[in-house]
Structures are given as structure tokens and as C-alpha cells.
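**Q** Build me a model:
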Amino acid sequence: MKLHIKNMVSKSCKMIVKNELDTIGLGYKSIVLGEVEMQEIPTKEEYRRLKAALSKFDMELMVNKKAMLIERIKNTIIDMVHYADELPRVKYSNYISEKINHDYTYLANVFSNETGMTIEHYIINHKIERVKELIRYDELNLTEISYLLNYSSVAHLSRQFKQVTGLTASFFRNAPLENRIALENV
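**A** Reported below is the predicted structural model:
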């Protein structure tokens with residue numbers, strides 16, 4: 001049985017879920033972003049305790065199929081942009097469709113109807129957050145960042161960065177540190 005968890009979007013979220021499952025004494029097979037493969041179906045009391053424990057960390061167990069699908073799309077994108085060594089060299093639509101095992105048109109329609117944002121816009125927002133993170137690390141130049149994140153050119157990255165943030169990448173690099181946006185709020 002799989003449990004679907006909203007706002008489980010980082011490695012630290014996975015650790016929190018693991019700790020809460022261990023505390024409650026629930027056995028699991030695997031934990032990935034947004035999902036836990038359980039060894040057994042939790043009792044109503046175990047489910048209630050897990051739900052209460054996760055809510056303290058702004059995570060929630062989901063039962064709505066569309067909400068679960070949207071979380072799977074979001075987690076696939078977050079995993080792809082923030083945690084993969086390199087973005088896939090195939091069309092993102094093909095990548096997402098293959099990972100989720102659904103027709104991309106269906107996924108795109110459900111996503112935009114439920115969130116008010118297109119999948120493409122969601123990907124762009126996350127790519128720009130990743131660019132901001134890489135700029136702050138100050139280990140890669142813009143050419144290397146553009147290659148890492150599959151931009152066709154530095155000019156394309158710079159144009160998109162300015163559209164989303166209102167700032168040039170070089171101004172951002174030299175600006176004082178600002179608070180980062182949490183992944184679940186991008």
C-alpha cells in the first residue's frame with residue numbers, strides 16, 4: 001500500500017517522515033518524495049497518529065486522486081530540477097509522462113485546472129530557484145549553470161531569470177542575501 005504525502009518535497013522531509021513512521025512503529029518498504037510504500041495497511045489509530053504527526057511539519061496525507069496526481073507531478077519536477085545530477089536531455093513533457101505513466105496532455109490539463117499554473121511555468125519557477133541557489137554557491141559561472149539546467153544559451157537563461165525575478169543574474173549575484181523560497185512555495 002502507498003501513502004501519498006503532500007508537501008514532502010525535500011530530503012529533510014523524507015527524514016521527518018521516516019522518523020515519524022519509526023516513532024509510531026509503522027513498517028515501510030521505501031520512502032520517496034511524496035510517497036511511502038508501506039509494508040502493511042495502517043490501522044485507523046496509526047493513520048490518525050501519522051496524520052497528526054505530519055501536520056506539525058506542514059505535511060498531510062492525501063486521499064483525493066487529483067491532489068495526489070498533482071503532488072506526483074510537483075515531486076517529479078522538484079526531483080528532476082533540484083536533486084538530479086543533470087536535467088534529462090529529453091523533452092520535459094516526455095520525461096514527466098514516462099515517470100508518472102500518464103499521457104502528458106491529461107497531466108497538463110489536470111495540473112493547470114487545479115493549480116492555475118501550467119507545468120511549464122512550474123518548471124521554469126523551479127529552474128530559476130535552482131539558478132539562484134547555484135549563483136549563491138558561487139562555484140559555477142552562468143555558462144556552466146545554463147548547460148547544467150539545459151538552457152539553450154546563457155542569453156536564454158538570463159532573459160528567463162530577468163522575467164521571473166525582475167533582476168539580472170549578475171545583479172542577483174552581487175545583491176545581499178535574501179531569504180530563499182521554500183520548495184513547496186515555488
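
**Q** Give me the distance between the residue nearest the centre of the chain and Leu149.
**A** Compute the mean C-alpha point of the chain, and by Cα atoms, centre = their mean the closest residue is Ile78, 2.5 Å away. According to Cβ to Cβ, to the nearest Å, Ile78 and Leu149 sit 14 Å apart. Using the backbone N, CA and C atoms, a C-beta is placed for each residue, glycine as well.

**Q** now for the helix or strand bottoming out on mean pLDDT in the chain, which elements pack on it?
**A** Sorting the helices and strands of the chain by mean pLDDT, DSSP states H and E puts helix 169-174 at the bottom, at a mean of 88. Under the contact criterion of 3 or more Cβ pairs under 8 Å, 6 or more residues apart in numbering; DSSP states H and E, helix 169-174 touches helix 119-137, helix 154-165.

**Q** Can you add mean neighbour count and distance to Asp22 and give the ones you listed back as CSV?
**A** What follows is the helices and strands packed on helix 169-174, written out as CSV (neighbours: other Cβ atoms under 10 Å; distance: least, Cβ to Cβ, whole Å):
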stretch, mean neighbour count, distance to Asp22
helix 119-137, 18, 30
helix 154-165, 16, 39
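
**Q** For Arg89, find the nearest of the ones you listed.
**A** helix 119-137 (14.8 Å; Cβ to Cβ).

**Q** Can you name the residues in contact with that closest one?
**A** 73-74, 77-78, 81-82, 92-93, 96, 107-108, 111-112, 115, 140, 142, 145, 148-149, 157, 160-161, 164-165, 169, 172-173, 177, 180-181, 183, 186 (Cβ atoms under 8 Å, 6 or more residues apart in numbering).

**Q** next one: stretch 29-42
**A** Residues contacting stretch 29-42 (Cβ under 8 Å, 6+ apart): 1-6, 8-10, 13-14, 17-18, 21, 26-28, 50, 71-72, 74-75, 78-79.

**Q** Counting neighbours, which bits of it end up buried?
**A** Buried residues in stretch 29-42, counted by 16 or more other Cβ atoms under 10 Å: 31, 33-36, 38, 42.

**Q** what number of residues lie near Leu3?
**A** 25 (other Cβ atoms under 10 Å).

**Q** Are we agreed that it is in a strand?
**A** Yes: if the criterion is DSSP: H, G, I helix; E, B strand; the rest coil, then Leu3 is within a strand.

**Q** pLDDT value on it, please?
**A** Listed pLDDT for Leu3 reads 93.

**Q** just the one 4 residues further on next, same as before
**A** Here, the pLDDT recorded for Asn7 equals 92.

**Q** gap between it and Ala84?
**A** From Asn7 to Ala84 the distance is 20 Å (Cβ to Cβ).

**Q** the more surrounded of these two?
**A** Per other Cβ under 10 Å, whichever of Asn7 and Ala84 has more neighbours is Asn7, with 20 against 10.
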